[in-house]
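Trainee: Got a predicted structure here, sequence first:
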Amino acid sequence: MKRRRPTLLTAVTLTAAAALTLSACGSEDSASGDNDKIAGADTGSEPSSPPSESVPAEVDRPEIELPTDVTYRFEWDKTGDPVKDAVLHDAEQRIKAVDMAIAEQNALHEAYRFYSEGEAAAGSQKYIQEFIDHKARTTGMTRYYRESLNVKGDGTASLVYCEDQSKSFNKFIKTGKIDVTPVTRDSYVVYASTLRKNKKGVWVTERLVSERGSSKCQA
């Protein structure tokens, strides 16, 4: 089983629409492997983008708490644009919330459902359930980088970004065993997501597709 790395998880097919989005951002995708994921993950000792001042203070957001061995490095740039920074903040929180649901073995955790809806939420639920079925969670450090963000005038945004899973592994809960696997091209994943600002002022992810081995993401 590989959370961000190969085995337990089911493949995600990159649709034609997503392929166009990725091409527009200059990415080059190879065929999806059997271990691509819809996904997700914050906290940790690694540097991470600070919360944006544009995040509405009145929103009662779920608290993200993760095991100390689950860390991240978000290399997403602060744009200085309050709207764009809010999109990046909420996308980051969704990623962390999915990992929290995995750690707590709860496929219907309120945190990731706060930051996602529709296809993205359904995909995350299935992804989290895979870990629950195998009594495993994530461990290690995951890096996010080379983001490309486009905010549209209709209250939606498209975000493409890379994930480096080379230092992220599966950890079996009962034994504590960590499944350390070799680094390959498939350790690097490109994602294309669609977000929408809801009535609460939260940028929720509605759609998320991924493809492993993209040349865009090779470190």
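Mentor: Alright, I've got the coordinates. Numbers count the residues shown, from 1 in each chain.
Trainee: In contact with the most far-flung residue of the chain relative to its centre, which residues?
Mentor: Ranking residues of the chain by C-alpha distance from their mean position (CA atoms, centre = their mean) puts Thr175 at the top, at 26.3 Å. Listed by CB atoms under 8 Å, 6 or more residues apart in numbering, Thr175 has no contact partners. Bear in mind the C-beta positions are built from the backbone N, C-alpha and C, glycine included.
Trainee: By residue count, which helix of the protein is the longest?
Mentor: helix 82-103 (DSSP state H).
Trainee: Show me the shaky parts of this protein.
Mentor: Across the chain, the ranges flagged by pLDDT under 70 are 1-57, 219.
Trainee: follow-up on the earlier one: what's the following helix or strand after the longest helix of the chain?
Mentor: Moving toward the C-terminus from helix 82-103, the next helix or strand (DSSP states H and E) is helix 110-114.
Trainee: Give me the helices and strands touching that following helix, please.
Mentor: helix 82-103, helix 118-133 (3 or more CB pairs under 8 Å, 6 or more residues apart in numbering; DSSP states H and E).
Trainee: try 7 Å this time
Mentor: Here helix 110-114 touches helix 82-103, going by 3 or more CB pairs under 7 Å, 6 or more residues apart in numbering; DSSP states H and E.
Trainee: how far out from the middle of the chain is the helix it packs on?
Mentor: Relative to its chain's centre, helix 82-103 lies at 8 Å (CA atoms, centre = their mean, to the nearest Å).
Trainee: Using PDB, write out the CA atom coordinates for that helix.
Mentor: Below are the C-alpha coordinates for helix 82-103, written out as PDB (Å, rounded to 0.1, in the frame of the first residue of the first chain):
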ATOM      1  CA  PRO A  82      -5.300  38.300  -0.800                       C
ATOM      2  CA  VAL A  83      -7.600  36.200  -3.000                       C
ATOM      3  CA  LYS A  84      -4.800  34.000  -4.400                       C
ATOM      4  CA  ASP A  85      -3.200  33.600  -1.000                       C
ATOM      5  CA  ALA A  86      -6.600  32.500   0.400                       C
ATOM      6  CA  VAL A  87      -6.900  29.900  -2.300                       C
ATOM      7  CA  LEU A  88      -3.500  28.500  -1.600                       C
ATOM      8  CA  HIS A  89      -4.100  28.500   2.200                       C
ATOM      9  CA  ASP A  90      -7.300  26.500   1.900                       C
ATOM     10  CA  ALA A  91      -5.800  24.100  -0.700                       C
ATOM     11  CA  GLU A  92      -3.000  23.500   1.800                       C
ATOM     12  CA  GLN A  93      -5.500  22.900   4.700                       C
ATOM     13  CA  ARG A  94      -7.400  20.400   2.600                       C
ATOM     14  CA  ILE A  95      -4.200  18.400   2.000                       C
ATOM     15  CA  LYS A  96      -3.400  18.400   5.700                       C
ATOM     16  CA  ALA A  97      -7.000  17.500   6.600                       C
ATOM     17  CA  VAL A  98      -6.900  14.400   4.500                       C
ATOM     18  CA  ASP A  99      -3.800  13.200   6.200                       C
ATOM     19  CA  MET A 100      -5.400  13.900   9.600                       C
ATOM     20  CA  ALA A 101      -8.400  11.700   8.600                       C
ATOM     21  CA  ILE A 102      -6.000   8.900   7.700                       C
ATOM     22  CA  ALA A 103      -4.100   9.200  11.000                       C
END
